[in-house]
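Visitor: The following block contains a protein sequence and its predicted model.
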Amino acid sequence: LGANANGSTLTCPPSAGGTPQPRYVVFFGTRPETIKMAPILQLLAETKDASFKAVFTGQHPDLVAPFAKFWRIAIDVHVARVFRARQSLATLTASLIHGVDQAIKPCPGDIWMVQGDTTSAFAAGYVAFLRGTPLIHVEAGLRTFDMRSPFPEEWNRRVIGMMATLHAAPTKLSRENLIGQGVSPSSIVVTGNTGLDAARLAQPHIVRPDGLPDSDRLVFVTMHRRENRDRMAQFFAALAAAPACQTAHMVIPVHPNPAATKAALAACEANANFHCVEPLNYGQSQWMLKHAMFALTDSGGLQEEATWYSTPTLVLRASTERPEAVHAGTSMLTFDPDVLRSALAELCKPVGAPSALRDQMRRKVLPFGDGYAAQQIMKAANGRPDLLVSQGQANATHPMRPVHKLLPRMCGGDSVEKWSECSVPDTVTVVLTVFARDTLKRQLAEVGNQTIRPHSVLVVQSRSHVNGNLSVAEHIAEFRAAHPEIPIQWVDLGANGWYHSRFFLAHALSDAEYVAIVDDDEVLRPKCIATFIQISRAHNGSLVTENARNFKSIQVGNRRDPDAVHVHQGFWCGPSVDFGGHIWVLPRDHLRHYFAEPQFTRKSAEDVQLSFALQKHGISTTCGGTEHANEMQQSKTVKTSSYMSQPLQVVRNLAFCQLMQAGFKPRNCKNCTPENIRKCITYFQSQVKRLPEFTEETSHIF
């Protein structure tokens, strides 16, 4: 990195007249960017007549240097005077934008390429956008949907997603995230993640780090994220206190961040089996991932690379933009101390000791691609001549579209309007909820007994299981053993999502024609799903529910409070009802209407919001009860009152009235006048503010 450390500029190549030839300008400024851009740079270097330049932004010079050396990257431009000790994010961002603008001259034919979500990637992308230079975003579409986690990366990648011309999404889920935010499908290509390319290419060069204990019980531990600085000591303490881990050796590369350094050195000084080592080069870190019992990390890249080696990964974060590994069961969100303790107790068990969790997490799956993403990215780029036109013209050619008006897809030779991939006819994915009750084992047993064999099963967990996550792992392992022909996935959302998340995942992770989404208080009798699908088909693809209800009236005022409002509901079973819950069976493609609508709450009222979204498109909600009671017979396994708290009931009633104001039309609601709806909204908004125990949650719900 020293050759151009004082700064240099990139000028335009000589013009031979006519259409300018493409030149790829590849940016990187941090260690992860260096690793993930290296396979692309190597491929460009091996491609005859390819024109490209490597630009180092200077964000992390000391950290990048050994990785640039490992990959033998010849840096053409080093942006000057960017890195300064203890500078603010605002200062860094301003320096990067100014530095990139000064170092790279505008040139016809240039195509800029950025990776991920760093401040370097944002700065280069922003300069490209201002100039109208075509921009390729590598690793596009990662989302936690939480602006503060990770910070500022979530903001960076969202903004880059609005500026890019071509989006190289590593997974199908990343693609769906982009589509959900209005990005045209024609500008997205699913490529896999170049982090796995790097792991594949590095295999001949991986080496054991110096100074490791002579043991095969090694745990790879890395922590550095800004949002974890106040919790690092707690994580190290939990690791030290785990009884099963006392005979394991914790290998901790010390990150140069002062807070991370302090926490790591303190932990190593206090615990004999903790080993602090110098930062590892890429070959050494890959050796650790390959040989560790498991990894404990808050890193994003390690979550991907660990899948190459089938190494279990405990993620020290409340949410992750890489949920595919969580979906596949190879990693687990362990931000919750109880979840972390339970997982450590299992993964630190001696080799040979039974552990359902360890067996599941060591399965060979590659959710992030096959290690040839760079080839897919360059194939897509070379197949897009429109990249040579200006950014403004490119966006005019490939406009951003609303989610419910996307381009048609080709299915079975016929052009049909589909929100996502084509569905497999006459199939159903069953989505089970893990939330408040210990019913999963019985639910899974009855899913296997359905008269229509499920195409797949998805277990969606929204918080720590009542009996611990290990119980979930054991139940899923039992189901796999009993029904190896039925694919099953476990999605532990941690703090990522609540009730609505099930509907999004049902679409993104299934290709079945129908989905059956089931609450944790319902067990399906053998004919249930087949009967519900039969009812749906008989009513033009309606949504079929079990706990069907109608709105009866909005009552304003009572003896104690003239301003009080009560929303009356009544149970009703018929071919058309207002909404229903507990079980939802509908064509998977209908969920696209749900995604196109704003969510009025995050934690509740998903049942009414789904029926409202479908109602707007002429799709009815139907009761699956009485008429077919002998065939389907749902059985509630827990005879208790609702687990929904009073605060959530307040939010639910508020959402009811907000939906009516937005256009939801109940079948036969007395007193549902605009004036009463307005009073309802005013009243329940005031009730939210009067609930002290609810104050902290309010910002997450509205």
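Guide: On my side now, so go ahead.
Visitor: What segments of the stretch 1-150 of the chain are strands?
Guide: 23-28, 52-56, 77-78, 110-115, 135-138 (DSSP state E, counting those that start in this stretch).
Visitor: Please write out the alpha-carbon positions of stretch 549-565 in CSV.
Guide: Provided in CSV are the C-alpha atoms of stretch 549-565 (Å, rounded to 0.1, in the frame of the first residue of the first chain):
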residue,chain,number,x,y,z
ARG,A,549,-64.4,-13.1,13.0
ASN,A,550,-66.4,-10.1,11.9
PHE,A,551,-66.4,-6.5,13.3
LYS,A,552,-69.8,-5.8,14.9
SER,A,553,-69.6,-2.2,16.1
ILE,A,554,-67.5,0.7,17.4
GLN,A,555,-68.9,1.8,20.7
VAL,A,556,-68.0,5.3,21.9
GLY,A,557,-68.4,6.2,25.6
ASN,A,558,-69.4,4.3,28.7
ARG,A,559,-70.5,5.2,32.3
ARG,A,560,-67.0,5.8,33.5
ASP,A,561,-65.4,7.5,30.5
PRO,A,562,-67.4,9.3,27.8
ASP,A,563,-64.4,9.2,25.5
ALA,A,564,-63.7,5.5,25.8
VAL,A,565,-64.0,3.4,22.7
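Visitor: starting at the chain centroid, how far to that stretch?
Guide: Chain-centre distance of stretch 549-565: 41 Å, with C-alpha atoms, centre = their mean, to the nearest Å.
Visitor: Then stretch 87-94?
Guide: 28 Å.
Visitor: can you list contacts of that stretch?
Guide: Counting contacts by C-beta atoms under 8 Å, 6 or more residues apart in numbering, the residues outside stretch 87-94 that touch it are 59, 82, 84, 95, 119, 122-123, 152. (Each C-beta comes from the backbone N, C-alpha and C, glycine too.)
Visitor: Neighbour-wise, which one of these leads?
Guide: Within those, neighbour counts (other C-beta atoms under 10 Å) peak at Ala123, which reaches 28 neighbours.
Visitor: pretty sure Gln443 is in contact with Asp521, am I right?
Guide: No: at 9.8 Å, Gln443 and Asp521 do not qualify as touching, with contact defined as C-beta atoms under 8 Å.
Visitor: Tell me which of the two has more neighbours.
Guide: Ranked by neighbour count (other C-beta under 10 Å), Gln443 and Asp521 place Gln443 first, with 26 against 22.
Visitor: Alpha carbons only: can I get the helix or strand hosting that one in PDB?
Guide: Here Gln443 sits within helix 440-447, counting by DSSP states H and E. Output of helix 440-447 as PDB, limited to C-alpha atoms (Å, rounded to 0.1, in the frame of the first residue of the first chain):
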ATOM      1  CA  LEU A 440     -43.700 -27.800  18.400                       C
ATOM      2  CA  LYS A 441     -43.100 -31.500  18.900                       C
ATOM      3  CA  ARG A 442     -46.800 -32.300  18.600                       C
ATOM      4  CA  GLN A 443     -47.200 -29.900  15.700                       C
ATOM      5  CA  LEU A 444     -44.400 -31.500  13.800                       C
ATOM      6  CA  ALA A 445     -45.800 -35.000  14.400                       C
ATOM      7  CA  GLU A 446     -49.200 -34.000  13.000                       C
ATOM      8  CA  VAL A 447     -47.700 -32.200  10.000                       C
END
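Visitor: And that helix, what's buried?
Guide: 440, 443-444, 446-447 (16 or more other C-beta atoms under 10 Å).
Visitor: Throw the strands of the stretch 1-150 of the chain into CSV and include mean neighbour count, thanks.
Guide: What follows is the strands of the stretch 1-150 of the chain, written out as CSV (neighbours: other C-beta atoms under 10 Å):
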stretch, mean neighbour count
strand 23-28, 25
strand 52-56, 23
strand 77-78, 22
strand 110-115, 27
strand 135-138, 27
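Visitor: To Ala318, which of these lies closest?
Guide: Nearest to Ala318 among the strands of the stretch 1-150 of the chain is strand 110-115 (24.5 Å), distances taken as C-beta to C-beta.
Visitor: So which elements touch that closest one?
Guide: Strand 110-115 sits against strand 23-28, helix 31-46, helix 119-131, strand 135-138, with contacts defined as 3 or more C-beta pairs under 8 Å, 6 or more residues apart in numbering; DSSP states H and E.
Visitor: Run the chain-centre distance for that strand.
Guide: Centroid separation for strand 110-115 versus its chain: 24 Å, with C-alpha atoms, centre = their mean.
Visitor: distance of Asn382 from Pro134?
Guide: With distances taken as C-beta to C-beta, to the nearest Å, Asn382 is found 13 Å from Pro134.
Visitor: what does Ala103 give?
Guide: 19 Å.
Visitor: Same check on Val55?
Guide: Here Val55 is placed at a distance of 16 Å from Pro134 (C-beta to C-beta).
Visitor: What of Lys290?
Guide: 38 Å.
Visitor: now do Phe551
Guide: Taken as C-beta to C-beta, the span from Phe551 to Pro134 is 52 Å.
Visitor: Looking at the two now, which is surrounded by more residues?
Guide: Neighbour comparison, Phe551 and Pro134: the larger count goes to Pro134, with 25 against 22 (by other C-beta under 10 Å).
Visitor: what pLDDT does the more buried one get?
Guide: On the pLDDT scale, Pro134 is placed at 94.
Visitor: hang on, isn't it packed against Trp112?
Guide: Yes: assessed by C-beta under 8 Å, Pro134 is found in contact with Trp112 at 7.0 Å.
Visitor: Can you work out which residues contact both of those two?
Guide: Here Pro134 and Trp112 have Ala128 as joint contacts, going by C-beta under 8 Å, 6+ apart.
Visitor: what sits against Glu139?
Guide: 36, 115-117, 168-170, 174, 193-194.
Visitor: Those residues in helices, which ones?
Guide: Taking DSSP state H, the ones among these that sit in helices are 36, 174, 194.
Visitor: Which one of these is nearest to Thr144?
Guide: Each of the ones in helices among the contacts of Glu139 was scored against Thr144 by C-beta to C-beta, and Ser174 proved nearest at 12.2 Å.
Visitor: Check the gap between the closest one and Asn193 for me.
Guide: Distance from Ser174 to Asn193, by C-beta to C-beta: 9 Å.
Visitor: Then Gly182?
Guide: Applying C-beta to C-beta to Gly182 and Asn193 gives a distance of 23 Å.
Visitor: picking that back up, so which of the contacts of Glu139 is surrounded by the most neighbours?
Guide: Of the contacts of Glu139, with other C-beta under 10 Å as the count, Thr194 tops at 31 neighbours.
Visitor: Could you pull out the strands in the stretch 501-650 of the chain for me?
Guide: 512-518, 522-523, 543-556, 565-571, 579-587, 621-623, 635-636.
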